[in-house]
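J.: return atomic coordinates for the entry below.
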Amino acid sequence: MAKELTPAEIGQIGEEHLMAALRAKGFDCHRNTQLPGVTDIVAVEREEGKIINSLRVQVKTAIVPCLPADLSWEEKKAIISRAHASDSEAWMAQVRINEDGDLVGEIKWGKLN
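T.: Model prediction:
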């Protein structure tokens, strides 16, 4: 039997799947962990060295058959505020994984601003 994933591991795996999906679309990605308790994915798309799209993404992940949580009002407010401060778009992403950490289905996206 596989080791049970911790909530932190589940969240990190979801973020990794999200960053892989964004990188496949041509974005440069990294985790923004500058604020305690806050992790955003910052994704930037460039064309000829110039930024053409900048995203802040808050990720929620769950193991099937559970569904990822929605963002709370406070989380939405915070990600929108950070996105506005960095001239980015605010997004949320919901990721479902299996017990082995594999992506299940499609990532569900929602634009916040």
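J.: tell me what residue 29 is bridged to.
T.: Beta bridges link residue 29 to residue 43, judged by DSSP bridges.
J.: wait, isn't it in contact with residue 16?
T.: No: applying C-beta atoms under 8 Å as the test, residue 29 and residue 16 come out as separate, 9.9 Å apart. C-beta here means a position set from N, CA and C on the backbone, and glycine is covered the same way.
J.: now the helices for the protein?
T.: Using DSSP state H, the helices assigned to the chain run over residues 7-24, 73-85.
J.: residue 81 and residue 4, how far apart?
T.: Per C-beta to C-beta, to the nearest Å, residue 81 is found 35 Å from residue 4.
J.: can you point me to the longest strand in this protein?
T.: In the chain, with assignment by DSSP state E, the single longest strand is strand 50-63.
J.: now for it, which elements pack on it?
T.: Judged by 3 or more C-beta pairs under 8 Å, 6 or more residues apart in numbering; DSSP states H and E, strand 50-63 is in contact with helix 7-24, strand 27-32, strand 40-47, helix 73-85, strand 89-97.
J.: tell me the angle the last one makes with strand 50-63.
T.: For strand 89-97 and strand 50-63, the angle between their directions (axes from the mean of the first three to the mean of the last three C-alpha atoms, to 10 degrees) works out to 40 degrees.
J.: hmm, who's touching strand 89-97?
T.: Residues outside strand 89-97 that contact it (C-beta atoms under 8 Å, 6 or more residues apart in numbering): 10, 13-14, 17-18, 41, 53-64, 66-68, 70-71, 76, 79-80, 82-84, 103-105, 107-113.
J.: what residue is smack in the middle of this structure?
T.: Among the residues of the chain, the one closest to the centroid is residue 59, at 3.3 Å (C-alpha atoms, centre = their mean).
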